[in-house]
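In: model this:
(one chain, ligands or ions: 2)
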Amino acid sequence: MKKPAVFIDRDGTMNEQMGYINHLNRFALLPGVAEAIGILNRNKYISIVVSNQSGVARGYFPIELVEEVHANMRALLEKEKATVDGIFFCPHHPNGIVPEYSQACECRKPGTAFIQKACERFDIDLAKSYMIGDRYLDIELAHRSNLKGILVKTGYGLGEIDYVLPHMPLKPYHIAKDLLDAVRWIIEGEKKV
Ligand SMILES: [Mg+2]
Ligand SMILES: [Zn+2]
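Out: Ligands and ions are numbered 1, 2, ... in the order given. Below is the predicted model:
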């Protein structure tokens, strides 16, 4: 049976926005994130992290660090009995300096490759699914993939709302305070508050 999914941006949405997370000590989960993922788990939503990590292509940190950060993130979530079903990240950038990863690709958001990949791995009901993030590009990805895009006010969110969104053609389906607020809104059936 098809299940709805919630695709979630990482930096600025799950963890504090600190520029590139180029060291494990720069990774700090935002308040309410584990609770939000736990709510998705209990309500049978598939939760999938989708993240651009071009710092790999740019030579700022090795791909192993990204894996380490994700292992740490999973451990922090696990402590609060929360689990993400998948984590997809794009290590590429067309103007990088690490040859292996310096390329144009379809997985760098707003590229849609990871949404398609997730649909191959899980039986996802896209019409009932969401993309939550703090950047306009997350909203762009939502539109391109026929997901409902929710912009959060954490990370770059407030700046995106004030200075970017007004000039852009695509609008978020909803704006939420943070990930937990967004998830509660979804679970409560998009209650108008
Ligand atoms: Mg972000
Ligand atoms: Zn990529």
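In: run the contact check for stretch 84-101 versus ligand 1.
Out: No - Stretch 84-101 lies out of reach of ligand 1 by Cβ under 5 Å from the ion, never closer than 11.8 Å. In short, each C-beta sits where N, CA and C put it, glycine included.
In: list the contacts of that stretch.
Out: 8, 10, 37, 46-54, 56-59, 63, 66, 70, 73-74, 77, 102-105, 107-109, 111, 114, 117-118, 121-122 (Cβ atoms under 8 Å, 6 or more residues apart in numbering).
In: in strands only, show me those residues.
Out: In this view, these that belong to strands under DSSP state E are 8, 46-52.
In: now the two most distant members of these.
Out: Greatest spacing in the ones in strands among the contacts of stretch 84-101, by Cβ to Cβ: 46 and 52 (20.6 Å).
In: who in this structure is up against ligand 2?
Out: Checking the chain against ligand 2 by Cβ under 5 Å from the ion, the hits are 90, 92, 105, 107-108.
In: turn those residues into CSV, columns for neighbour count and distance to residue 176.
Out: Listed next are the residues of the chain next to ligand 2 as CSV, based on neighbours: other Cβ atoms under 10 Å; distance: Cβ to Cβ, whole Å:
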residue, neighbour count, distance to residue 176
90, 21, 24
92, 22, 29
105, 14, 29
107, 18, 25
108, 22, 24
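In: what's the burial count for the residue of the chain found nearest ligand 1?
Out: Nearest residue of the chain to ligand 1 (Cβ to the ion) works out as residue 12 at 3.6 Å. As a burial measure, residue 12 scores 20 neighbours (other Cβ atoms under 10 Å).
In: repeat for residue 89
Out: Neighbours around residue 89, by other Cβ under 10 Å: 21.
In: tell me the phi and psi of it?
Out: phi -140, psi 150 (degrees, to the nearest 10).
In: try residue 57
Out: The phi/psi pair for residue 57 (degrees, to the nearest 10) reads phi -60, psi -30.
In: hmm, back to that, which of the residues of the chain next to ligand 2 fall in helices?
Out: Within the residues of the chain next to ligand 2, no residue falls in helices by DSSP state H.
In: I'd like the residues you listed written out as TSV, with distance to residue 149 and pLDDT added.
Out: Below are those laid out as TSV (distance: Cβ to Cβ, whole Å; pLDDT from 0 to 100):
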residue	distance to residue 149	pLDDT
90	18	98
92	23	98
105	21	98
107	18	98
108	17	98
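In: now distance to residue 16 too, for those, in CSV please.
Out: Converted to CSV, these look like this (distance: Cβ to Cβ, whole Å):
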residue, distance to residue 16
90, 21
92, 24
105, 27
107, 24
108, 22
